[in-house]
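> Sharing a sequence plus its predicted fold:
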Amino acid sequence: MELKSVVIVFLFVAVVFPTTVFANTSVAPERIDHSEIESKIGAKAYVVMDRATGELLTIKQENRVWPIASLTKLVTASLVLEQGVSTNTKVAMRNADNVGGARLWVNDGDTLSVDDLFYATLVASANNAANALSRATGFSKEEFVQKMNSYAKSLNLSQTKFVDQSGIDPGNQSTPLEMAQIAQDVLQKKEIQRYTTTAQRFIRVANKGITKKMISTNWMLYKPQYDDVFVTGGKTGYLNESGWNLVVTLEPKKNDERELLIVLFGASSRAQSFADAEKLAMWSWDVYDWKSTSVTSQLSSLSQ
C-alpha cells in the first residue's frame, strides 16, 4: 500500500545512517500530490526510500519474505572489502565454484585478481566469481556464510538469512524493508558504488594473459530509455523462485539531493524490473517536494 500522509521514518538510524548521510539535508520530502502508483507497478513487493532521511515514500508488501537471489552478492562483496584483502591478490578459480546460473567462463586453476573478481561479481553477476571472491578471505563457505548471518543479526534483521555467497540458493531470503537497510549500509561504500555503476569492464585471466568482457546486468546504466535517471549504485537478481529482483539508487541528475533507494521483488521480467523502478522514481519526484536546506547553507546564513 502507499503511505497516505507524510511520515518521516528514520530507519535503523544507529546502524545504517552515519552522521555524514544526514549532513546532506535537514528536512524530509513533503507529499504534495496524492496520485497513486501501485496499479502501475508489476513487481510483487517494493520499497521506495529517500536516502538522505530514510523517509519511506511508498511501499507494498514491505515485510514479505522473499528469495533475494543475486542481491546476496552485495553482502558478499561488502564483507570481502571489510577483510582488507588486497585487490591485487590473485585467486585461482575452482570447479567447485561453479554452482549454476550466471558464471565466468574460465577453467579450473585460472587466476584472476580480487579486483577483477569484484567486477565479475557485481557487474556480470557471475556466481563462480562470487564464490572465488569469498575464498580470497581465507574463510570456508561455512565460515563466510556465518559471517553473512552475523552481519544480518548486527543490523537486527530478523527476516533475513543467508545460506550461500552467490544467491543461487533460494534459501537466501529477506524482505524489501530489510533489504533496503542492507542496501543503505552497503551502497554507501565508495568501492561498491564504483563496481555497481560500471556498465562495461574488461577483466584479465592472469595466467593466460587474455581478457573477458563483462557487461552489467543493470540496464539502467547504459540503455537509452533510462537516460532520464542517474544511477548511483545497485544490483540485480533472478531465480525461478524469485522472479526479477532489483536494488537501485537513483537521482534525477548527477549530484541531485533527491536520491532514492528502490528495492523491488518479483517482477515478471528483467525489463519490467527496470521499468517499475523508473516509474517509482518518476512518481516520487513528481508527488514529493524536497524543500530541504543544506547544513552548509544554514551555517553560512547564521554567520552573516
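Okay, I see it.
> can you pull out the strands in the stretch 101-250 of the chain?
For the stretch 101-250 of the chain, the strands defined by DSSP state E, counting those that start in this stretch cover 111-113, 173-174, 200-205, 210-215, 230-239, 243-251.
> Nearest approach to residue 142 belongs to which of the ones you listed?
strand 173-174 (18.4 Å; C-beta to C-beta). For glycine as for every other residue, the C-beta is placed from the backbone atoms N, C-alpha and C.
> How far off centre is the closest one?
Relative to its parent chain, strand 173-174 has a centroid offset of 14 Å by C-alpha atoms, centre = their mean, to the nearest Å.
> Residue 101 is in contact with residue 128, correct?
No - here residue 128 does not reach residue 101: they are 9.0 Å apart, not a contact under C-beta atoms under 8 Å.
> Overlap of the contact sets of these two?
Taking C-beta atoms under 8 Å, 6 or more residues apart in numbering as the contact rule, residue 128 and residue 101 both touch residue 166.
> Can you tell me how far the spatially most central residue of the chain is from residue 30?
The centre of the chain sits closest to residue 234, judged by C-alpha atoms, centre = their mean, with a distance of 3.7 Å. Counting by C-beta to C-beta, to the nearest Å, the gap from residue 234 to residue 30 is 26 Å.
> Show me where the stretch 1-150 of the chain dips below the pLDDT cut-off.
By pLDDT under 70, the weakly predicted segments of the stretch 1-150 of the chain are 1-26.
> Which residues does whichever helix in the chain runs longest contact?
Criterion DSSP state H: the longest helix present in the chain is helix 270-287. Identification of contacts with helix 270-287 by C-beta under 8 Å, 6+ apart yields 31-35, 37, 40-43, 46, 48, 57-58, 217-220, 223, 226, 228-229, 236, 238, 244-246, 248, 250, 252, 258, 260, 262, 264, 267.
> Stretch 153-167 too?
So stretch 153-167 is contacted by 12, 15-16, 63, 65, 68-73, 75-76, 99, 101, 127-128, 130-131, 133-134, 141, 144-145, 148-149, 152, 169, 171-175, 178-179, 181-182, 185, 237, 239 (C-beta under 8 Å, 6+ apart).
> quick one, what contacts the nearest residue to residue 229 once chain neighbours are set aside?
By the measure of C-beta to C-beta, 6 or more residues apart in numbering, the closest residue to residue 229 outside its immediate chain neighbours is residue 250, 4.8 Å from it. Residue 250 sits next to 220, 229-232, 259-260, 262, 277, 281 when contact means C-beta under 8 Å, 6+ apart.
> For residue 250, name its beta-bridge partners.
Using DSSP bridges, the bridge partners assigned to residue 250 are residue 231, residue 260.
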